[in-house]
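>>> only the shape, not the letters, is given here:
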C-alpha cells in the first residue's frame with residue numbers, strides 16, 4: 001500500500017455500530033464492565049481510548065512500525081523515553097537539537113544522574129568514540145533544528161547495533177512522508193505531532209513508534225503510569241490531519257524549494273540552510289534517506305545582529321512570527337530568543353544559532369505571495 005493510501009486508511013475502520021466513516025470522538029473517561037475484568041478492551045481512558053488507539057495504529061503504519069503511542073506533547077513523548085533509563089546511564093545526543101529537548105535533558109534528567117553527551121553528528125563515525133559501557137541511547141534529529149544538519153541514520157544505526165545501544169530519531173521535520181527511520185535501523189521514532197502531522201496549528205501532541213514489543217510494553221507502562229496522554233478530541237483532529245499529510249507535504253516541499261532559491265539570490269542573506277542545495281553539508285545523505293527536502297529553511301543575515309533580524313521579523317505579513325512549525329500557514333521565528341533560548345549562548349553559537357538566524361516554516365500558500373512578502377521585508 002502506497003503512502004497516500006495509508007495516510008487515508010491505515011489504522012481506521014468504519015464505526016461498527018453506525019458505519020460512520022470517521023473515527024468517533026470517544027469523549028469518555030471510563031467504560032462499563034459486565035463483571036470485574038470482563039470488558040470490551042477498554043477500562044479507563046488514561047490507559048486506552050478508542051480514538052487514541054486508531055491514531056496510534058495509523059501513526060505506526062505510516063512509519064512502517066508495529067506499535068504506536070501518543071502523548072500530550074512531543075516533550076511528553078521524549079520524557080517517556082528517558083524514563084526507561086536509570087542513574088548512571090549515558091545518552092549521546094546531537095549537539096544541535098531543539099531547545100526544549102536540550103532543556104529536558106540538562107535541567108530535568110541530569111539531576112537524576114543520567115549523563116548526556118552532546119556531539120556533532122554530521123560525521124556518523126564520530127559518534128562511536130563517545131560510546132562507553134554505560135551508553136544506552138543515541139538520540140538523533142535530522143534535519144536538525146534549526147540549522148538543518150543532516151545525520152546519516154543508517155550509519156548511526158549500524159554503530160548503535162554494534163554496541164547494543166538503542167537509536168531514537170526525532171522525525172518531526174521530515175515526517176514519515178519524507179523519511180522513515182525505522183527502515184534505516186532506528187529502534188524508536190518520535191514526533192512532535194503538533195507540527196506537520198496535525199498540520200493545522202490547532203493541537204499539541206507527541207508520539208512514539210517502534211517495532212520492538214519489549215520497548216512498546218515499557219513505554220506503554222510509562223504512558224499509563226505517568227499519565228501524559230492526549231484527549232480524544234485532539235486525537236480526532238490529528239486523524240483528520242493525517243488524511244492530507246501527503247498532499248500538504250508535497251506543497252511544503254515545492255514552496256520550500258522556491259523560497260530557498262529566492263533567498264539564495266537575496267543580497268541581505270548570508271548563510272542559507274536548506275538540505276536541497278548540493279552545497280549543503282551531507283546533501284548526498286539527505287538525497288539518499290529523504291524523498292524530498294521539506295519546507296524548513298533557516299538563514300543568517302549579512303548584518304549579523306539581533307536588531308537586524310527583529311526588523312525583518314516585524315515587517316513580514318504572510319509569515320507570522322510565532323513559535324512552532326509545520327502548519328498550513330507560513331511561520332517565522334528567531335531561534336536564539338524563542339525555540340532555542342534555553343540553550344546557553346556559547347553552545348548556541350557553536351552550532352550556528354547566531355543572533356541574526358531566522359527560521360522559516362514555509363506553508364502551502366501561493367508561493368509567489370510568500371516570496372513577495374520576504375522581498376519587501378528584506379529590502
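Ah, there it is. Computed from a prediction, not measured in an experiment: that's the story for all the values here.
>>> from the contact counts, what lies against the longest helix belonging to the chain?
Identified as the longest helix of the chain according to DSSP state H is helix 245-265. The criterion is 3 or more Cβ pairs under 8 Å, 6 or more residues apart in numbering; DSSP states H and E, and the helices and strands that helix 245-265 contacts are helix 3-9, helix 175-178, strand 269-273, strand 296-301, helix 367-378. C-beta coordinates here come from the backbone N, C-alpha and C atoms, glycine included.
>>> could the ones you listed go into CSV alongside mean neighbour count and mean pLDDT?
Below are the helices and strands packed on helix 245-265 laid out as CSV (neighbours: other Cβ atoms under 10 Å; pLDDT from 0 to 100):
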stretch, mean neighbour count, mean pLDDT
helix 3-9, 16, 95
helix 175-178, 25, 98
strand 269-273, 17, 96
strand 296-301, 23, 97
helix 367-378, 17, 98
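>>> with distance to residue 231 added, can I get the ones you listed in a markdown table?
Formatted as a markdown table, the helices and strands packed on helix 245-265 follow (distance: least, Cβ to Cβ, whole Å):
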| stretch | distance to residue 231 |
| --- | --- |
| helix 3-9 | 22 |
| helix 175-178 | 23 |
| strand 269-273 | 36 |
| strand 296-301 | 28 |
| helix 367-378 | 34 |
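>>> what's the closest of those to residue 221?
When those are compared by Cβ to Cβ, helix 175-178 sits nearest residue 221, at 25.2 Å.
>>> sheet-wise, list the partners of the following helix or strand past the closest one with their directions.
Once the chain leaves helix 175-178, the next helix or strand it forms, by DSSP states H and E, is strand 188-192. Strands adjacent to strand 188-192 in the sheet, as given by DSSP bridges, are strand 166-170 (parallel), strand 206-210 (antiparallel).
>>> ok, residues contacting the last one?
Residues outside strand 206-210 that contact it (Cβ atoms under 8 Å, 6 or more residues apart in numbering): 56, 59-60, 63, 65-78, 80-81, 182, 187-194, 197, 216, 219.
>>> quick check: mean pLDDT across it?
When pLDDT is averaged over strand 206-210, the result is 98.
>>> tell me which residues in it are buried?
Neighbour counts over strand 206-210 (16 or more other Cβ atoms under 10 Å) mark 206-210 as buried.
>>> now distance to residue 149 too, for those residues, in TSV please.
Below are the buried residues of strand 206-210 laid out as TSV (distance: Cβ to Cβ, whole Å):
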residue	distance to residue 149
206	22
207	23
208	23
209	23
210	24
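>>> for those, which one is nearest residue 162?
Of all the buried residues of strand 206-210, residue 210 has the smallest distance to residue 162: 19.8 Å, by Cβ to Cβ.
>>> ok, now how distant is that closest one from residue 59?
According to Cβ to Cβ, to the nearest Å, residue 210 stands 11 Å off from residue 59.
>>> report the set of residues contacting both of the two.
Counting by Cβ under 8 Å, 6+ apart, nothing touches both residue 210 and residue 59.
>>> just to revisit the earlier point, which of the strands paired with strand 188-192 sits closest to residue 259?
Among the strands paired with strand 188-192, strand 166-170 comes nearest to residue 259, with 23.4 Å by Cβ to Cβ.
>>> neighbouring contacts of that closest one?
When contacts are defined by Cβ under 8 Å, 6+ apart, strand 166-170 is touched by residues 78, 81, 97-98, 101, 136-142, 153, 156-157, 160-161, 181, 185-192, 215.
>>> can you rerun that using 6 Å?
137-141, 157, 160, 181, 186-190 (Cβ atoms under 6 Å, 6 or more residues apart in numbering).
>>> and these as CSV, adding distance to residue 287?
What follows is those, written out as CSV (distance: Cβ to Cβ, whole Å):
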residue, distance to residue 287
137, 28
138, 23
139, 24
140, 18
141, 18
157, 18
160, 23
181, 16
186, 19
187, 24
188, 25
189, 20
190, 24
